[in-house]
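*Asks:* coords please:
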Amino acid sequence: MPRASILVVDDEPNILREVKNALRLEGYDADVAGNGALALERLGARAYDLVLLDVQLPDVHGLEVLKRMRAQGSETPVVMMSGHGTVETAVAALRLGARDFLEKPFSTTEKLLLTIANTLELTQLKQQVQDLEQKLGTSSALLGDSAAMRELKERVRLAASASAPVLVTGERGTGKELVARAIHDGSKRARSPMEKLNCAAVPHELIESELFGHEAGAFTGAVKARRGKFERAHGSTLFLDEVGDMPAQMQAKLLRVLQEGEVERVGGAQTLRVDVRIVAATNRDLAADVSAGRFRADLYDRLHVVPLQLPPLRARREDVPALVAAFLPSACKANDRTPKSLTPAALSLLTRHPFPGNVRELKNLIERLVILTPGDVVDEGDVRAVLPALASGPGAGNGGRDGYYTPGVPLRDLLEAAERDLVLRALEHHKGNATHASKDLGLERSHFYKKMRALGIKRPGALEPDPDDDDAEP
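*Replies:* Presented below is the predicted three-dimensional model:
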């Protein structure tokens, strides 16, 4: 973490010098301003962690400086100082958002330093509470012990220990935001909250304001100044989700920030220094977008310093039981349902499903099962009833042309889903009679039974089929 930065505002040169020296001896990054106008200029030029602000200034009253700070959108904690303090002044300062009020001259330097330390700690704790509230109901744990997940966790650990930009790629629903949060939580910046912006969800005309902030009157509707994501993420991490959807004009401006570490608010003239680590994510093929001219090559190179490719769920099927075990209790609690469990056959069916929506689809499916299953045990039939590949026939939704096709899902998985669907439909048509169903599909009865076993299908109303038992048919 960078050193805490403090701006000392006072019109007495001796106090400025003494306080500045004391702060620097304590390891703080200290700046000074001898009047209110200079203080506001300094605050517009960079972000500070705390301001020590005198009440009596030669040009602008300290309370007016504080009022203008808040009107401009600054949330920087302020400790007021005064040699002629009154209860009324202290109350007015606290109402305007000051964190504390100190009388001058200071009885001891230790009291000043203790007040500063306590204020910074309180601010940090509030940020941590806000961060935890954001994470409520979301675990940053990367679940799974497959070879693919072990490799990913190790790469996340190595990436977290550095400060270079990270580009997280993978299919939809693979957990790109969880990886970004794991990188942040494992880094030296973890004590500050991670900021995030979904580049695809913000209108193009507003994305610059979201990233860099704006001054009052910068555009229609900008009634007051506002800090952007970069200012808020100073000393922390900024997660840019769906970065591949960022408009071309903003790509150039983002590149400038990454290269120079400076931002300018929309409608502002001041350049603000920021220390922000970027973690970007996309499900697009950015290399292909670069070749097609849709994404800047220089920005891609800047973001692609540490690439992390997330494996799809079908490439780590052995992790499905652990994910189900994590999702099931929380889904029951969130939907006011009694605890439920899955039969081995139901879990096996989930494990074999291709899940084109990956972990997000699995989580949604578990919640659907929790809501729609009346009993406390979810069986194979309950799962089969809600699995999309089994509930819809060939060509569903597209006139029969390519209903089983799902982009990114291997052919073997698609064929397995299609076979399962066809076998189930044949059994349903023949009311569970496997002999008639096998004949209808042109298969030997023993081959049909083997196919059922391989696909995890149990004949409705019957025990596990036995191809050697001639009495197995109803």
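*Asks:* only C-alpha atoms for contact and neighbour calcs from this point on.
*Replies:* Fine.
*Asks:* need the strands for the stretch 1-150 of the chain, in chain order.
*Replies:* Using DSSP state E, counting those that start in this stretch, the strands of the stretch 1-150 of the chain run over residues 5-9, 29-33, 50-54, 78-82, 100-103.
*Asks:* now the angle between strand 5-9 and the third one, please.
*Replies:* Between the axis of strand 50-54 and that of strand 5-9 there is an angle of 10 degrees, by axes from the mean of the first three to the mean of the last three CA atoms, to 10 degrees.
*Asks:* Ala233 is nearest to which of the strands of the stretch 1-150 of the chain?
*Replies:* Closest approach to Ala233 among the strands of the stretch 1-150 of the chain (CA to CA): strand 5-9, 14.6 Å.
*Asks:* Dump stretch 233-251 to PDB, restricted to CA.
*Replies:* Only the C-alpha atoms of stretch 233-251 are listed here, as PDB (Å, rounded to 0.1, in the frame of the first residue of the first chain):
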ATOM      1  CA  ALA A 233      -9.600   3.100  -6.700                       C
ATOM      2  CA  HIS A 234      -6.500   5.200  -5.800                       C
ATOM      3  CA  GLY A 235      -4.100   2.800  -4.000                       C
ATOM      4  CA  SER A 236      -6.400  -0.100  -4.800                       C
ATOM      5  CA  THR A 237      -7.600  -2.200  -7.800                       C
ATOM      6  CA  LEU A 238     -10.000  -1.400 -10.600                       C
ATOM      7  CA  PHE A 239     -11.800  -4.300 -12.200                       C
ATOM      8  CA  LEU A 240     -12.900  -3.500 -15.800                       C
ATOM      9  CA  ASP A 241     -15.400  -6.200 -16.800                       C
ATOM     10  CA  GLU A 242     -16.300  -6.700 -20.400                       C
ATOM     11  CA  VAL A 243     -13.400  -4.500 -21.400                       C
ATOM     12  CA  GLY A 244     -13.700  -5.800 -25.000                       C
ATOM     13  CA  ASP A 245     -16.900  -3.700 -25.300                       C
ATOM     14  CA  MET A 246     -15.200  -0.400 -24.500                       C
ATOM     15  CA  PRO A 247     -15.800   2.200 -27.200                       C
ATOM     16  CA  ALA A 248     -12.700   3.000 -29.400                       C
ATOM     17  CA  GLN A 249     -12.400   6.600 -28.100                       C
ATOM     18  CA  MET A 250     -12.300   5.400 -24.500                       C
ATOM     19  CA  GLN A 251      -9.700   2.800 -25.400                       C
END
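*Asks:* in it, what counts as buried?
*Replies:* Within stretch 233-251, the residues scored as buried using 16 or more other CA atoms under 10 Å are 233-247, 251.
*Asks:* And for stretch 4-14?
*Replies:* Within stretch 4-14, the residues that qualify as buried are 5-11, counting by 16+ other CA under 10 Å.
*Asks:* what does stretch 436-450 give?
*Replies:* Buried residues in stretch 436-450, counted by 16+ other CA under 10 Å: 436-438, 445-446, 448-450.
*Asks:* so of the residues you listed, which ones are in helices?
*Replies:* Residues of those located in helices (DSSP state H): 436-438, 445-446, 448-450.
*Asks:* In space, what's closest to Gln309 - neighbours in sequence excluded?
*Replies:* Among residues not flanking Gln309 along the chain, Thr169 sits closest, at 4.9 Å (CA to CA, 6 or more residues apart in numbering).
*Asks:* Wait, that neighbour touches Pro312, no?
*Replies:* No. Between Thr169 and Pro312 there is no contact under CA atoms under 8 Å: 10.7 Å.
*Asks:* circling back to that earlier point, tell me how far the residue nearest to Gln309 lies from Leu25.
*Replies:* 45 Å (CA to CA, to the nearest Å).
*Asks:* So the two - more neighbours on which side?
*Replies:* Thr169 (22 against 10; other CA atoms under 10 Å).
*Asks:* who are the neighbours in contact with the more buried one?
*Replies:* 176, 281-284, 307-310 (CA atoms under 8 Å, 6 or more residues apart in numbering).
*Asks:* Next, give phi and psi for it.
*Replies:* Backbone torsions of Thr169, given as degrees, to the nearest 10, read phi -120, psi 160.
*Asks:* Quick check: end-to-end length of stretch 258-265?
*Replies:* 16 Å.
*Asks:* again with stretch 255-266
*Replies:* Start-to-end, stretch 255-266 (CA to CA) is 17 Å.
*Asks:* list the buried ones in that stretch?
*Replies:* Going by neighbour count (16+ other CA under 10 Å), the buried part of stretch 255-266 is 255, 257-258, 261-266.
*Asks:* Return the set of buried residues in stretch 350-359.
*Replies:* 350-359.
*Asks:* err, stretch 421-436, not the other one
*Replies:* 421-427, 432-436.
*Asks:* which one's the longest helix in this protein?
*Replies:* In the chain, taking DSSP H as the definition, the longest helix is helix 109-135.
*Asks:* And that one, what's buried?
*Replies:* Within helix 109-135, the residues that count as buried by 16+ other CA under 10 Å are 112, 115-116, 119-120, 123-124, 127-128, 131.
*Asks:* now swap in stretch 102-109 and tell me
*Replies:* For stretch 102-109, burial by neighbour count (16+ other CA under 10 Å) applies to 102-103.
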